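Peer 1: Only the shape, not the letters, is given here:
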């Protein structure tokens, strides 16, 4: 990470006389379709800066936050007829990350093709609960959580431009593949009251990225 940031700094110094140094602030949303989650969806929000633009390169740095609730899981007793649930498990995760990306733009201000490989470094917190069946209800028996460091990549492609005729605001619409591994975060947790574990979540996901860029430094 430090080497990559140093590399970006060297590029900025090298292109100082040629690049367009008009930083743009962006904010965006990242809904991710994933069958391992409630409503087949988890989401993220982000803010950051497009640092400069030189020809087809526009490096970005930012902060993003993801959160979601994987599917509930019920353990069944197959010795009964019909099988009855004896326990229930659920969970939730959140992740806060710093991101850096060498964004590539091919086109003009009105409309351009965008390729966005983005490296993310931060932490993920997984929380899970174990409920034991008591007659016709479930009683919370145990809750565990842990925050760990992690890193992952996202790869996005789509369009960016002045689609609505706004002078200082541009938008991008991207398809995004994320390698955020929520499944591992839950698998690393273990309950003490039961030998079974909650193993929901997923190792990756496919979603969309919607962004608005604000050119507040434009002359």
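Peer 2: Great, that's in hand. These numbers come from a predicted model, not from an experiment. Numbers count the residues shown, from 1 in each chain.

Peer 1: show me where pLDDT drops low in the chain?
Peer 2: 1-21, 77-83, 219 (pLDDT under 70).

Peer 1: Next, residue 195: secondary structure please.
Peer 2: Under DSSP: H, G, I helix; E, B strand; the rest coil, the three-state class of residue 195 is coil.

Peer 1: again with residue 166
Peer 2: With three-state DSSP as the criterion, residue 166 reads coil.

Peer 1: With residue 185 instead?
Peer 2: helix.

Peer 1: Nearest spatial neighbour of it, chain-adjacent residues omitted?
Peer 2: If the residues on either side of it in the chain are set aside, residue 185 comes closest to residue 126, at 3.9 Å by CB to CB, 6 or more residues apart in numbering. C-beta: built from backbone N, CA, C; applies to glycine.

Peer 1: Quick one: neighbours of that neighbour, just the number.
Peer 2: If you count neighbours by other CB atoms under 10 Å, residue 126 ends up with 25.

Peer 1: That one pairs with what?
Peer 2: residue 93, residue 146 (DSSP bridges).

Peer 1: Look up how far residue 209 lies from it.
Peer 2: 24 Å (CB to CB, to the nearest Å).

Peer 1: what's the answer for residue 32, then?
Peer 2: Distance from residue 32 to residue 209, by CB to CB: 10 Å.

Peer 1: shared neighbours of the two, which are they?
Peer 2: residue 176 (CB atoms under 8 Å, 6 or more residues apart in numbering).

Peer 1: Which of the residues in the helix or strand where residue 95 lies are classified as buried?
Peer 2: Using DSSP states H and E, residue 95 sits within strand 84-107. By neighbour count on 16 or more other CB atoms under 10 Å, the buried set for strand 84-107 is 87-95, 97, 99-105.

Peer 1: swap in stretch 51-63?
Peer 2: 51, 52, 53, 54, 58, 59, 60, 62.

Peer 1: Report the two of those separated the most.
Peer 2: Pairwise distances among the buried residues of stretch 51-63 were taken by CB to CB; the largest, 18.9 Å, belongs to 54 and 62.

Peer 1: Residue 184 reaches residue 203, doesn't it?
Peer 2: Yes - counting by CB atoms under 8 Å, residue 184 touches residue 203, with 7.1 Å between them.

Peer 1: Pick out whichever of those two has more residues nearby.
Peer 2: Legend: neighbour count by other CB under 10 Å for residue 184 and residue 203, higher for residue 184 (15 against 12).

Peer 1: Could you check how far that one is from residue 207?
Peer 2: With CB to CB as the criterion, residue 184 and residue 207 are 19 Å apart.

Peer 1: can you check residue 92 too?
Peer 2: Taken as CB to CB, the span from residue 92 to residue 207 is 18 Å.

Peer 1: do residue 111 as well
Peer 2: From residue 111 to residue 207 the distance is 22 Å (CB to CB).

Peer 1: ditto for residue 198
Peer 2: From residue 198 to residue 207 the distance is 23 Å (CB to CB).
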